[in-house]
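Pasting a predicted model and its sequence here:
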Amino acid sequence: MLIKNQFKKSFHSWTWLILIVFLGAGIFYPPIGLIAIICMLAPPVGALFNGRTTCSWFCPRGSFLDVIVSKISCNKNIPSLFYNNIFRLIVFMTIMAVFLLQIIPVWGNITGMGRVFITMIYITTFIGIILAAAFKPRTWCTFCPMGTMGNWVAKLRKNSYISINKDICSSCTACERICPMQFASYKYKDRDKIHFYDCLRCGKCEKKCPAKSIKLITE
Ligand code: SF4
Ligand code: SF4
C-alpha cells in the first residue's frame, strides 16, 4: 500500500508535463487530441472502485493545477454555487452539447476529431487556470464534467467513505483547511460513514489530522 501511495504521489508530481506536451503537440499534430479520451473516462471508471481517486493522482490537469497554478492561487474559498447540482448539470450539458456539435460534422476524420478534443482541453484548462488563480487550485474540479460523472458513479457505488473517531476529533478544522475540495468532514463526525462524493481520495486530511482520527475507507 505504501509503495502504491508513493507511486501515485510521484506520478501526480509530474503528470502536468503530459498536459503541456499534449497541448503543445496538439497544435502541430491534432490527432494526438484523441488521447484525451483516456483522461475523460478515468474519473467515472475509477469511481467504480474508489470515488474520484483518479482526479487526485492520474489527471494531468489536476496535477497542473496542484503543482504549477497553485503557486499563483489566492487560495480563497470556492464559491458554493460550484457545488450546486443544478449548476453542475447545466455545465455538464452545455459542454457536452458544444462537444457533440463540434465532433459530429468531423466524425471519422481523425485530424478533425483530435482538433475538437485539443480545443476543448485548451478552453477548459484556461477556465481552470483563471478559477485556480482567483480561488483554490482545484476550483475547476468542483464542476468539471468528468468529475461530475465520477461523482454520479461514486453516488451509485457508495463504496468509499470517510470515517472519523468522534471521541478523539477536536474539531480543529485542519482537515477542512487542507482539503482541496474544501470539505468539512468533522462537521459530520457523528455519522458512521461520511459520504462526500467529490472526495478526491487524496488522503491529505488523513495525513494532516493531529489526532489521527480521520480515515479514508474503501470497501
Ligand atoms: S483534523 Fe482531525 S481532529 Fe481536526 S477536525 Fe479534522 S478530523 Fe477532527
Ligand atoms: S482532503 Fe480528505 S476529504 Fe478532502 S479530497 Fe482529500 S481525501 Fe477527500
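That came through, no problem. Numbering: from 1, shown residues only. Ligands and ions are numbered 1, 2, ... in the order given.

for the residue lying closest to I72 once chain neighbours are set aside, what are its contacts?
Residue nearest to I72 in three dimensions, not counting chain neighbours: A133, with 5.3 Å by Cβ to Cβ, 6 or more residues apart in numbering. Quick note: C-beta positions are derived from backbone N, CA and C, even for glycine. Each residue near A133 by Cβ atoms under 8 Å, 6 or more residues apart in numbering is listed here: V69, I72, S73, C74.

And A133, which helix or strand is it part of?
Take DSSP states H and E as the rule and A133 turns out to sit in helix 110-134.

Just the angle for the helix or strand immediately after that helix in the chain relative to helix 110-134, thanks.
Counting by DSSP H and E, the next helix or strand C-terminal to helix 110-134 is helix 145-157. Our comparison of helix 145-157 with helix 110-134, counting by axes from the mean of the first three to the mean of the last three Cα atoms, to 10 degrees, yields an angle of 80 degrees.

residue contacts, the most far-flung residue of the chain relative to its centre?
Of all residues in the chain, D167 sits farthest from the chain's C-alpha centroid, using Cα atoms, centre = their mean; the distance is 31.2 Å. Applying Cβ under 8 Å, 6+ apart, one finds that D167 lies in contact with S213.

Please name the spatially closest residue to A211 (chain neighbours excluded).
Taking Cβ to Cβ, 6+ apart as the measure, A211 lies nearest to I168, with 4.6 Å between them; neighbours along the chain are not counted.

Please work out how many residues are found near the one you found.
13 (other Cβ atoms under 10 Å).

same thing with N84?
Around N84 there are 13 residues (other Cβ under 10 Å).

do you know how far it is from I90?
9 Å (Cβ to Cβ, to the nearest Å).
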